[in-house]
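1. no sequence on hand, only this structure:
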């Protein structure tokens, strides 16, 4: 593709070279540059792509897109634009032929529930005979083909390549989680979304967004109906405190769900137990029952979001019912570890105050005896949520084991020191501090007796632990299973 074709829709100025160049690919990491590539100099959180122009040229870049005036070698085409992140999104969309205009893209955003909601939407669409790819925290998947992703919502060239591949194999839909970082950093600027789904908004990522207002503003970008296709619609959790903000910016394209009277689509007669959840959906003058294997009030909300999308897509109610009844669960989301022990062990990804409260309140309702919670908080992330999570864990649990999560560059002891004041806010709270996560899980499982619930929170599906720049093998589910078998011996 000619360089000038890649730049269509972008404000730019040629500083040097030839815009008629044939471009073989796009990269924003100099190590991924191949001969004939355009290298986009993105200013990141930790480094600046402008520092690696010479490396990119050495690897074969024939053109560079910059936002700062720099010197380049003779014969290299240099293009200046106001924002290279936005430029990257434009160039990537053009390079792959604007794939989101040829496939129906449904974006799901919110603090919690994105992963489960995308999986439920995909299950319904596929049950209805619509091939659907999925991208999110767990993986990106086209059919059975897995793509290795480093972020919930990766950089624009990766998303566009994924959507192009989805289109080429015949997918009619793509369902993707859309993170606040991706929205703030223009990764999805050129994606044409058919629908935007809002699950909820609670405290998270304030290490990046600084405050809830900026966190909210980043999420709202996905719902802004300005310049959107007339087929665009939004699905909003009407029970959330921020629902009005999302409904207002949707400009009349919004459809709400919840359990309160105000929502268009509601769940009533809700019943949830260890073996599953059932409820009745009321939608206008219609109503129909839903039965699911997944449990918890938070999953009722996730299901309502998926049902709302399905109805907007014209999918028949019996198909929706059949699809939801078949979903066994989502990896690392209230996932049971069953080694035929006399107590229940649950692994969950909950790593925010709201997420932790959701799973613990559900466990408290289902628990016949004691609730034992193993949890920590991630390092290099929002410190403000640490005491909040400590208070929530102590309030719901009979006993807590506070441990290391993904400490990253921080000392686990310092992270735990931030959690403890929250634990101490609850009168007569009982807890132990065991920094080694494996030993913390072992302690909780050896304490457990018949009828107890053991919740292991924070890492869910993750198969690693991030410690001082190292990636260590660690899977809560596998660790718990090994210890349970050890107990039974």
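-> That came in fine, so what should we check first? Owing to the predicted nature of the structure, the values given are computational and were not obtained by experimental measurement.
2. only C-alpha atoms for contact and neighbour calcs from this point on.
-> Noted.
3. and stretch 401-409, end to end?
-> This stretch, stretch 401-409, spans 22 Å end to end (C-alpha to C-alpha, to the nearest Å).
4. tell me the buried residues in that stretch?
-> By neighbour count on 16 or more other C-alpha atoms under 10 Å, the buried set for stretch 401-409 is 401, 402, 403, 404, 405, 406, 407, 408.
5. now it: how far from the chain's centre is it?
-> With C-alpha atoms, centre = their mean, to the nearest Å as the basis, stretch 401-409 stands 20 Å off its chain's centre.
6. what secondary structure does residue 14 sit in?
-> Under DSSP: H, G, I helix; E, B strand; the rest coil, residue 14 falls in the strand class.
7. gap between the residue lying closest to it once chain neighbours are set aside and residue 95?
-> Leaving aside its sequence neighbours, residue 14 sits nearest to residue 79 (C-alpha to C-alpha, 6 or more residues apart in numbering; 4.6 Å). Distance of residue 79 to residue 95, given as C-alpha to C-alpha: 16 Å.
8. try residue 27
-> When residue 27 is compared with residue 95 (using C-alpha to C-alpha), they lie 12 Å apart.
9. same question for residue 352.
-> Remark: distance between residue 352 and residue 95 (C-alpha to C-alpha) = 38 Å.
10. what packs against the longest helix along the chain?
-> Ranked by residue count and defined by DSSP state H, the top helix of the chain is helix 297-312. Applying 3 or more C-alpha pairs under 8 Å, 6 or more residues apart in numbering; DSSP states H and E, we find helix 297-312 packed against helix 114-127, strand 233-237, strand 254-258, strand 265-273, helix 317-326, helix 353-366.
11. which among these is found nearest to residue 285?
-> strand 265-273 (10.4 Å; C-alpha to C-alpha).
12. run the angle between the closest one and strand 254-258 for me.
-> Per axes from the mean of the first three to the mean of the last three C-alpha atoms, to 10 degrees, the angle that strand 265-273 makes with strand 254-258 is 30 degrees.
13. what residues does strand 265-273 touch?
-> Residues from elsewhere that reach strand 265-273 (C-alpha atoms under 8 Å, 6 or more residues apart in numbering): 256-260, 277-284, 295-297, 300, 304, 308, 366.
14. okay, the angle between that strand and helix 353-366?
-> 50 degrees.
15. over the helix or strand that comes right after strand 265-273, what's the mean pLDDT, rounded is fine.
-> Beyond strand 265-273 in the direction of the C-terminus, DSSP states H and E gives the next helix or strand as strand 276-283. Mean per-residue pLDDT for strand 276-283: 96.
16. let me see the domain layout of the chain.
-> 3-95, 99-326, 335-488 (automatic domain parsing).
17. list buried members of the contacts of strand 265-273 by neighbour count.
-> By 16+ other C-alpha under 10 Å, those give 256-259, 277-283, 295-297, 300, 304, 308, 366 as buried.
18. wouldn't residue 457 be in contact with residue 348 here?
-> Yes: using C-alpha atoms under 8 Å, residue 457 is in contact with residue 348, at 4.9 Å.
19. so what's the residue count around residue 145?
-> 9 (other C-alpha atoms under 10 Å).
20. relative to residue 133, how far out is it?
-> Counting by C-alpha to C-alpha, the gap from residue 145 to residue 133 is 10 Å.
21. what of residue 4?
-> From residue 4 to residue 133 the distance is 31 Å (C-alpha to C-alpha).
22. which of these two has more neighbours?
-> Applying other C-alpha under 10 Å to residue 4 and residue 133 shows that residue 133 carries more neighbours, namely 27 against 15.
23. how far away is the closest residue to residue 171 other than its chain neighbours from residue 142?
-> Spatial nearest neighbour of residue 171, excluding adjacent residues (C-alpha to C-alpha, 6+ apart): residue 131 at 4.6 Å. Here the criterion is C-alpha to C-alpha. By it, residue 131 lies 9 Å from residue 142.
24. just residue 319 next, same as before
-> Residue 319 is 22 Å from residue 142, by C-alpha to C-alpha.
25. who's more crowded, the two?
-> residue 142 (21 against 17).
26. looks like the more buried one contacts residue 148 (just checking).
-> No: applying C-alpha under 8 Å, one finds residue 142 not in contact with residue 148, separated by 11.7 Å.
27. shouldn't residue 22 be in contact with residue 2?
-> Yes: using C-alpha under 8 Å, residue 22 is in contact with residue 2, at 4.5 Å.
28. ok, these two, which is more surrounded?
-> Each of residue 22 and residue 2 has its neighbours counted (other C-alpha under 10 Å); residue 22 has more, 18 against 13.
29. could you pull up the residues touching the more buried one?
-> 1, 2, 3, 36.
30. many thanks, we can stop here.
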